[in-house]
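*Asks:* No sequence on hand, only this structure:
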Ligand SMILES: Nc1ncnc2c1ncn2[C@@H]1O[C@H](COP(=O)(O)OP(=O)(O)OP(=O)(O)O)[C@@H](O)[C@H]1O
Ligand SMILES: Nc1ncnc2c1ncn2[C@@H]1O[C@H](COP(=O)(O)OP(=O)(O)OP(=O)(O)O)[C@@H](O)[C@H]1O
Ligand SMILES: [Mg+2]
Ligand SMILES: [Mg+2]
Ligand SMILES: O=P([O-])([O-])[O-]
């Protein structure tokens, strides 16, 4: 299942733009959380969002699949194009959008159902499995990709809420990949994971990159450097810098980026 | 407020035992989550619990202030002594225990109240403030110690649930230190924090250590090495190794510890 | 405040390290508060349960009598000269003999029984006949009309006795208490005593109380609650089939889909307000809409069910909305995040989590609907209705019927104290009905309950 | 039964449509459900619903309209001469219907042939006889015009119902076909079905609104009549409630309103603390077993008929209170003259309302995530502090809802008030005095002996409407409170 | 619709249900449905119009009022057959083990009126015990359970007992003197109204429920004296003792002869337009007033109805379908 490839190719050849955000502004009531952000997320690429806590990473991530729709006081302006189509267009069905753009939330939120049902839910509603056997297979595969199969294979019927913090996080990852989204948004997917599990998830991300596009929020500069090809640095709601990961970490243009990377602003 | 001392003294002189756990076993229904753990947590010391996800760190941590009491299916056996007194003794009031042994949970769980009330909650119930001014002072001081004061000082009346993930985490830390517990149990307190915030929290921990004892669960070996004097390594519910942090990281006795530290088992 | 309240970190002095075993003053106080709080809880439940016990004991002691009735076994000669004067067994002619015409037959049957048993009495047969229920005549007439061939023969019957005699058998009526009573005399009681001693008059379980229909004020002994129980059953069926889905659907719309604006606020306030509308007003509405406007039949359980549905809806909506609100948003987010539609997230995740509250609302709403009389008053379901059980499902919904609470209410108003016992007996059955209904809901509710 | 037959057919069609739509969708995606826009079952539901809903709508419409048309046509046929003095066309029409049903019945029992039944020149006496033989209920002898009308009625009805069956089936088939043809892998079946469901949800929500409209309308006209007969000043600002058979009654709502509020407040003072504490105990302290027994038991309190509570108040609670507070009572206070008192009613009503507060609140409290409690307990809070300061605020909307429900029930209760608080309206602050409420007055004025067109009866409607407005105000206030203090957890 | 539909007075309900039951047993027609809900509500539905979806018969414990006849006519209900079935005796009864009373209207007026004349002055009723009202009575606290203002019985009680007492004691003049009004008539009306205003200090308790409630109240307060229907009293002689009124013992006989003063007539109203349309309607009406039912030896009288001395006339009227206000 897992291949042993851990090295990351830093292919810098220009790829198709998967998501393009233009002049995105987000307000929570009076709080201006995202200020005029422009960013282009490429296909088959891992993009990392980094930045100090509270700078708007999650907010921006949630804009990309319109999860912000569920927050009453949240207002989003500007355009976000997925494959060239405005996702905030009236004709767009957010459901379909979210099926394409999957999400792993910052706080693990398993359903109060069995582990199996947690993972099987997405495939079920999207009709990804012809029959029970196929569904079983998807569930197993996803749990394996989420690096949690071994821990839960004997208790697939146990509730997902009875897992440890890190297990819940991996369950949520497994749940998200089970629906095979084209873009996967991961909000600090490894925050509760030990190094080994982290490595396995990073491997997964790298694997996903072959076919899809992944956006990952992380606080670990090392992780960003390990898994991503592109990095965006947010600060106080602004997108300060966006570029090749290598370049951002070795040679940032903006002084704020540099300060952050070297650990001077937070 | 924050002192600039970031260096950690690895004082190895033997200290008073604050918490002693003898033959602790924990079961969740049929799951045997903690297997015969013996550990001694010293006063004025930072003890780190490390180990792969799902190995029982949180479970054990929650035993130390009887938070497991709230889980119906959880059974704890063995003795845990705080200052030589069995905390599972019938005469012990878990409330008083928890006032002494504070906790920061793995998943940030701010109350659906204002930021101010979140922090003021503990001091209020313990009657730590004589008047409003004193309470204001405690809140400010705690938020500062939680390294979140600057971000929230203008919106102390905003709900704590409307904060970003990392802000919530820091809020919970601030909330926990506001009651000045003698022992502070922190379950991955920096998982959602950027390096700067992490450093500030680590500084706090180091500061706390002067008077109290701190137990911290972390997945970051670096963090454990930075802040702790003692380290316990858990694996599959067993306490595999416990000792001086320096020794554990440089010269582990158990092969499993070594594999984990070098990133071979997860 | 107390010795422990000190400004933290103010001095280097650490907090006094008290033992875990001895509690400081503040902890003691807080623990006392905790203890009191818990005690209040226990007391609250205790009060509730105590009241329940008191009420139920009251009900049971007052009502168990209704399940027993006194009967008299008699051999009645179906005299041809009285029943079929022409002797040609023409059913039309036989029907001409009214129930009043059967009274002498019964009286003389009783007389011969009395003679046979050697009981001494000065009573005339007619007076003696009054020991028996008036329902006996109707029973006899129905038998004869159903079996005209039996005319001329002597048939054995088990007749109900009059409510006073029954009261005497049950100890409610005594020789002293009938001093001023016109409907029974001591002489009659003497006969009753001897009939009882010879075993032809006895108390027995009375299934007709549970399955039978109402009887007029003169025959408390013959009244049963069965038919009105069917009425209630059909009404509850309507209420459950309509109020639950409509209430849940309306709540889902309002809580999950309705845009947040003035209009929704108005709707929300309106619905809570409906709960405060006195139930009789729903009767006014039902009369105006279902009967006068839609021309549905009066006294029909269908209409009663519809009215009670309207009355129950607010209860179900309020509780459903409250429980929908209580489901944490993170669950919804999780579902939306894997590409579920809002509808799917609601039906697959939110609704099951809200189910306990919905079921509670349903239990309370149905309990209320099951016990309600006032609105039924206006749509014609209170009174003396339906002497026969409906003969089919459709008839069950459409033909005139009463309901258990209405029947109980009627009985409780009647003059003969024998009805008092029946009213309480009816309440027992109503409660059994209710408890059965609740049990199903409670079992369902327990399956859905979980914490997260 | 044509109706059940047609319903069954529709149902069968819907089921068929479901499978057809489903398999067509699958076929259009070459058997691979993944290529479809929506789950295959949504395509099925789409076909089934498109077949079913318009057809059912038409059916209902037809059933409502056809009798109107038939009645109009047929009643037009009846000459005025056939309508007896004092009777009216409507009554003759019911006779016509009865004859028509009689003919149907006679045919069914084989005593008449279809031809005979249709024969306009049939011998009326013979026909009457055969109807009677067939056991049909006839009230009088059939007259010629009635027979003709009945025959027309029969033929129109049968044509109508045949047409209806055909039309309904056609609509159903058309709907099914339309949806079937549209079924294609690209077709947004889920969206369409969900739109449909949303419409149904909206419909359900609007029933509640319609009820309100209906209630207001059904009381408005009579209320206006009332105000034509009685001065509004007296009603709103008078101080006495004294209906009188001779007219000239004083009918002021104020003393009733006072009684209503007084009794409800006492009832809530009993029910809310007890209910809330019970709920808290059940959800926070009690073991699962205790909870699963005590909660349903308490719920029985809500189902005990109010007449029992009334008698309980009258025979047990009232006398007990008198023996405490009455003349020569245990407390020697002499405050309470008779067992009829606001306090008696309030206490007993409060008991009845306990489960309204306890059960609903218990569910809501139980729904507050455990992590909230953990957060508080972890800070060294006691359980009660946790409950009071964290759990209850988070559960506030639900608890307010439960209390509102209890208050509503208190305001709407009659039997207990009548038996326990008496029927005299007055202003008094003394809880040991008898008073009465708006709702009981509504019931008694409506069911009483006063002339139904007199202000004494019509006042019931004015009371009802005013109460409606007052409770509306209370509800707006409650909504405001909830909005203001609601604490939304994550 | 096959069955006769009856609605209205709860006082008439027992009689109507006895008749309906017997009717159902002896005829091939289905048992009529007899709803209760009050005279007023019954007449209201009666007057809603003519047709199958309206009721056929309204029971009433009072005569139909002019306004109602008019409302009926407006809705097309013109031909109404009025049938008086007998009288409802109204008796005063107290706990069987308590003191016995022999009342006059004066006693009741003095005991219950809101104001009485004491030493020539109209004052708030000061009497607390019966012996203060009438020295012949024992010193028992006054506690009266009188029908609430919804009940027609209340009107009879006010007219035939309180007002009669008020006039008889001569207090009426004091009221008249105190009354305000433009004309003599208005003054008289105001005085009458003041006479019959009952005290509200808890001594007189309005009973809105039924006689069972009154009985229950006497059960819980043994000093209480209640107003009952004769039929109710006769069924509960084990708990109640009846008081005489002006020295007449209430009984079906004394009421029928008019000796006992407090009673009211009971009626039912039939929609003529429904006769011949609703199966069994006329038969039911005739059966109701037949001798074997409503006669002095019939079941209704046995139950407590004071049978109408002029029953023959009533039977004729029903047979001829004589409608209100002449007509045929
Ligand atoms: N409430 C519960 N019910 C049942 N099993 C549980 C529960 N909580 C934890 N467990 C199980 O107990 C074991 C230890 O869990 P614990 O939460 O202590 O792990 P952990 O070391 O904190 O892991 P992580 O680093 O992922 O948070 C795991 O296998 C977990 O699935
Ligand atoms: N629901 C909300 N209501 C109001 N303000 C919010 C809400 N969610 C986030 N914010 C504010 O918006 C800003 C950006 O928050 P966001 O969650 O995007 O930060 P983040 O970059 O994800 O931080 P972290 O790394 O801590 O998760 C913060 O100041 C936060 O307080
Ligand atoms: Mg975030
Ligand atoms: Mg953990
Ligand atoms: O029900 P009543 O009209 O006779 O009071």
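*Replies:* That came through fine. For clarity, every value in this text was computed on a predicted model and none was experimentally measured. Numbers count the residues shown, from 1 in each chain, chains lettered A, B, ... in the order given. Ligands and ions are numbered 1, 2, ... in the order given.
*Asks:* secondary structure class for residue 154?
*Replies:* Just going to use chain A. Three states are possible here, and by DSSP: H, G, I helix; E, B strand; the rest coil the one that applies to residue A:154 is coil.
*Asks:* tally of neighbours for it?
*Replies:* When counting by other Cβ atoms under 10 Å in any protein chain shown, one arrives at 9 neighbours for residue A:154. Glycine gets a C-beta too; all of them are placed from N, C-alpha and C.
*Asks:* count of residues packed around the residue of chain A found nearest ligand 5?
*Replies:* Using Cβ to the nearest ligand atom, residue A:72 is the residue of chain A that sits closest to ligand 5, at 55.1 Å. By other Cβ under 10 Å, 10 other residues sit near residue A:72.
*Asks:* before we move on, what about residue D:181?
*Replies:* Residue D:181 has 11 neighbouring residues, counting by other Cβ under 10 Å.
*Asks:* ok, now how distant is the closest residue to residue C:255 other than its chain neighbours from chain A?
*Replies:* Distances taken as Cβ to Cβ, 6 or more residues apart in numbering or on different chains put residue C:324 closest to residue C:255, at 4.3 Å, once the chain neighbours are dropped. Using Cβ to the nearest Cβ, to the nearest Å, one gets 14 Å for the distance from residue C:324 to chain A.
*Asks:* Can you classify residue C:324 as helix, strand or coil?
*Replies:* For residue C:324, the secondary structure call by three-state DSSP comes out as helix.
*Asks:* again with residue D:41
*Replies:* The three-state assignment at residue D:41 reads helix, by three-state DSSP.
*Asks:* Spit out the contact partners of it.
*Replies:* Remark: with contacts taken as Cβ atoms under 8 Å, 6 or more residues apart in numbering or on different chains, residue D:41 is in contact with D:18, D:22.
*Asks:* same thing but at 10 Å, please
*Replies:* With contact taken as Cβ atoms under 10 Å, 6 or more residues apart in numbering or on different chains, residue D:41 is in contact with A:127, D:18, D:21, D:22, D:25, D:33, D:48, D:189, D:190, D:193.
*Asks:* Which of those residues are buried, as a ChimeraX select command?
*Replies:* Here is the ChimeraX command that selects only those of the contacts of residue D:41 that count as buried (16 or more other Cβ atoms under 10 Å in any protein chain shown):
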select /A:127 /D:18,21,22,25,33,48,189,190,193
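*Asks:* Dihedrals phi and psi, residue 50?
*Replies:* With no chain named, the answer covers chain A. With angles defined as degrees, to the nearest 10, residue A:50 shows backbone torsions of phi -120, psi 170.
*Asks:* was after chain E, sorry
*Replies:* According to degrees, to the nearest 10, the main-chain angles of residue E:50 amount to phi -110, psi 140.
*Asks:* The closest residue to it other than its chain neighbours and residue E:19: what is the separation?
*Replies:* In this structure, residue E:50 finds its nearest non-sequential neighbour in residue E:273, 4.7 Å apart by Cβ to Cβ, 6+ apart. Computed with Cβ to Cβ, to the nearest Å, the distance linking residue E:273 and residue E:19 is 22 Å.
*Asks:* tell me the secondary structure for residue E:86?
*Replies:* The three-state assignment at residue E:86 reads strand, by three-state DSSP.
*Asks:* so where is the stretch 301-450 of chain C shaky, pLDDT-wise?
*Replies:* Low-confidence segments of the stretch 301-450 of chain C (pLDDT under 70): C:386.
*Asks:* likewise chain E?
*Replies:* Across chain E, the stretches falling below the confidence threshold (pLDDT under 70) are E:1, E:326-328.
*Asks:* Mind checking what helix or strand follows the host helix or strand of residue D:46 in sequence?
*Replies:* Here residue D:46 is covered by helix D:40-77, with elements defined by DSSP states H and E. Toward the C-terminus, helix D:40-77 is succeeded by helix D:89-108 as the next helix or strand (DSSP H and E).
*Asks:* Would that next one count as contacting chain E?
*Replies:* Yes - judged by Cβ under 10 Å from any Cβ of the partner chain, helix D:89-108 and chain E are in contact via D:89, D:90, D:91, D:92, D:93, D:94, D:95, D:97, D:98.
*Asks:* which of the residues you listed come close to ligand 4?
*Replies:* Checking the residues of helix D:89-108 next to chain E against ligand 4 by Cβ under 5 Å from the ion, not one of them is in range.
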